[in-house]
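Trainee: only geometry, no sequence info:
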């Protein structure tokens, strides 16, 4: 599964809407835009008890499929939730067993990449309930993972989907620092690294349009990073400002 270079546009298309209030009505999970917004801003007003119903609804609405690829953002999101709310993990995993088969890997891989202490026994129990993925689940349960925030950027641009999903669940600025780290490759002749740098810049712009926290972070880091990366972040600031103005302009 390869991430489309259209990451930023896909993220905006799925998640761009007004903030959902803390008292989430059931109807929130019947509409793609409102549900996408609930997921994107989860860290601002967390309701972990509603994560499983929200993810199940997203699967039914085929929101896992963006730009022709199965989205990595959902396993990043679930990994963040399971890391931050360990007491909710067994219940979330139990409910998400009913995900359609194509989307079940999101909960499996999300759990594996989380820091939940009892994830291996839980994974082994999921292998029995998700027979199509049993072989993969058993393999993961027998091996160790690293936290999402330490995924090597050299692994591919799909990592940005995972990182942003994790950010939406946690608001963790470590994620933002990892994305900024890729900007150093903006002048690389290596095609893969150059693509990662472009995705990093595009996703920072897209998420900056959605999140006050990202905008503040970009502004702060523009003065703290070295001259080269700082100049790119200054461009991101300008692009965010232009994007917000364009969305406010009458159609």
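Mentor: Nice, thanks for sending it over. Keep in mind it's a predicted model, so treat the numbers as computed, not measured.
Trainee: and the closest residue to residue 215 other than its chain neighbours, what is it in contact with?
Mentor: Leaving aside its sequence neighbours, residue 215 sits nearest to residue 208 (Cβ to Cβ, 6 or more residues apart in numbering; 4.8 Å). For glycine as for every other residue, the C-beta is placed from the backbone atoms N, C-alpha and C. Shown in contact with residue 208 (Cβ atoms under 8 Å, 6 or more residues apart in numbering): 214, 215, 218, 236, 237, 239, 240.
Trainee: Repeat the analysis, applying 6 Å as the threshold.
Mentor: Shown in contact with residue 208 (Cβ atoms under 6 Å, 6 or more residues apart in numbering): 214, 215, 218, 240.
Trainee: so of these, which ones are in helices?
Mentor: 214, 215, 218, 240 (DSSP state H).
Trainee: Return the closest of the residues you listed with respect to residue 78.
Mentor: Nearest to residue 78 out of those is residue 214 (Cβ to Cβ; 20.7 Å).
Trainee: and the next element down the chain from the strand or helix carrying residue 125?
Mentor: Assessed by DSSP states H and E, residue 125 sits inside helix 119-129. Downstream of helix 119-129, the first helix or strand assigned by DSSP H and E is helix 134-141.
Trainee: Can you list the neighbours in contact with that next one?
Mentor: Residues contacting helix 134-141 (Cβ under 6 Å, 6+ apart): 108, 112, 120, 123, 124, 126, 127.
Trainee: export the ones in helices among the contacts of residue 208 to JSON lines and tack on neighbour count, pLDDT and distance to residue 155?
Mentor: As requested, those are exported to JSON lines (neighbours: other Cβ atoms under 10 Å; pLDDT from 0 to 100; distance: Cβ to Cβ, whole Å):
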{"residue": "214", "neighbour count": "25", "pLDDT": "97", "distance to residue 155": "22"}
{"residue": "215", "neighbour count": "19", "pLDDT": "97", "distance to residue 155": "27"}
{"residue": "218", "neighbour count": "21", "pLDDT": "97", "distance to residue 155": "24"}
{"residue": "240", "neighbour count": "21", "pLDDT": "96", "distance to residue 155": "27"}
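Trainee: Could you export the contacts of helix 134-141 to JSON lines, including columns for distance to residue 87 and neighbour count?
Mentor: JSON lines is the format used below for the contacts of helix 134-141 (distance: Cβ to Cβ, whole Å; neighbours: other Cβ atoms under 10 Å):
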{"residue": "108", "distance to residue 87": "20", "neighbour count": "23"}
{"residue": "112", "distance to residue 87": "19", "neighbour count": "24"}
{"residue": "120", "distance to residue 87": "18", "neighbour count": "17"}
{"residue": "123", "distance to residue 87": "18", "neighbour count": "22"}
{"residue": "124", "distance to residue 87": "20", "neighbour count": "15"}
{"residue": "126", "distance to residue 87": "18", "neighbour count": "24"}
{"residue": "127", "distance to residue 87": "23", "neighbour count": "18"}
